[in-house]
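>>> have a look; sequence and predicted model below, questions after that.
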Amino acid sequence: FNTPEHIKPEWYFLAPYQFLKLIPELTALVVQTLGILALVFLPFLERSDKKGIRQRPLFSLLAIGILVFWIWLTVWGAQS
């Protein structure tokens, strides 16, 4: 599919749209699908006794990194 250049998605779809422009289509689709599935199944897979954000620094850094990347893609998509 070829989308005309002047069409832009709504603000909440800017990050996935920019991600599709950043890497090949099939790879982006697979990565986004795996990310959504990971979010859906995370409550069932996470069985740690440690619940505090300070007790799990690796998980916290990963979550913050993903959030920053998502915001960066959204801002970049809005500017392009």
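Ah, there it is.

>>> geometric centre of the protein: which residue is closest?
Among the residues of the chain, the one closest to the centroid is Trp70, at 5.2 Å (Cα atoms, centre = their mean).

>>> secondary structure class of it, three-state.
helix (DSSP: H, G, I helix; E, B strand; the rest coil).

>>> which one is it nearest to, not counting chain neighbours?
Excluding the flanking residues, the one nearest Trp70 by Cβ to Cβ, 6 or more residues apart in numbering is Ala15, at 5.0 Å. (Each C-beta comes from the backbone N, C-alpha and C, glycine too.)

>>> before we move on, back to that, against Ala38, how distant is the residue nearest to the centre of the chain?
Using Cβ to Cβ, to the nearest Å, Trp70 is found at 14 Å from Ala38.

>>> got it, and Gln79?
Per Cβ to Cβ, Gln79 is found 28 Å from Ala38.

>>> which SSE is the residue nearest to Trp70 in?
Assigned by DSSP states H and E, Ala15 belongs to helix 14-22.

>>> so which elements touch whichever helix or strand comes after that helix?
Next along the chain after helix 14-22, taking DSSP H and E as the criterion, comes helix 25-45. Packing partners of helix 25-45 (3 or more Cβ pairs under 8 Å, 6 or more residues apart in numbering; DSSP states H and E): helix 14-22.

>>> okay, the nearest residue to Ala78 once chain neighbours are set aside: pLDDT?
Here the nearest residue to Ala78 in space, its sequence neighbours aside, is Leu14; by Cβ to Cβ, 6+ apart that works out to 5.7 Å. With respect to pLDDT, Leu14 has a value of 93.

>>> ok, Leu14 - contacts?
The contact partners of Leu14, by Cβ atoms under 8 Å, 6 or more residues apart in numbering, come to Lys8, Leu73, Thr74, Gly77, Ala78.
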